[in-house]
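Colleague: Structure for this input, please:
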Amino acid sequence: MRATVRVLLASVLTTLGLTIAVATPALASAPAPFCESGASQFYCDATSTGTTTWTVTWYSGSVGTFTTAGPTLFAGCPSSNIGLPVRVNYSYFDGSVTQYSDTGRFTCRSGPWQ
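Modeller: Sure, this is the predicted structure:
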């Protein structure tokens, strides 16, 4: 039923010469953070200025949000995530617009820093 409604709506809009604007996610405007891990901890460095909001997505899919006063984040890896991949990105306000980073990746390591 929903598919039929969408097809009919698209057909009517096409007949009227109208188009539908589709929202797209914001493009990253800052580079991905540099991250490394060791001793069950991790360190990430951004190119942000001022307050930085970090989003860390663990292998399980759970998400942690951290706010730092500057461009670095230092935190511990949950024991359930040791040896597993992590994704991280950040955002900050540059005075006129919120800047969003590409996604960085690292593995939570219990051994030497890498």
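Colleague: Which parts of the chain are strands?
Modeller: 34-38, 41-45, 52-57, 63-68, 72-76, 85-93, 98-100, 104-107 (DSSP state E).
Colleague: How far does stretch 71-90 sit from its chain's centre?
Modeller: Using C-alpha atoms, centre = their mean, to the nearest Å, the distance from the centre of stretch 71-90 to the centre of the chain it belongs to is 13 Å.
Colleague: List the buried residues of that stretch.
Modeller: Pro71, Leu73, Cys77, Pro78, Asn81, Val86, Arg87, Val88, Asn89, Tyr90 (16 or more other C-beta atoms under 10 Å). No exception for glycine: its C-beta is placed from N, CA and C like everyone else's.
Colleague: Distance of the fourth one relative to Ser48?
Modeller: Read that as Pro78. 24 Å (C-beta to C-beta, to the nearest Å).
Colleague: Can you check what pLDDT the model gives the residue nearest to Thr98 when sequence neighbours are not counted?
Modeller: Distances taken as C-beta to C-beta, 6 or more residues apart in numbering put Ser91 closest to Thr98, at 5.6 Å, once the chain neighbours are dropped. pLDDT for Ser91: 97.
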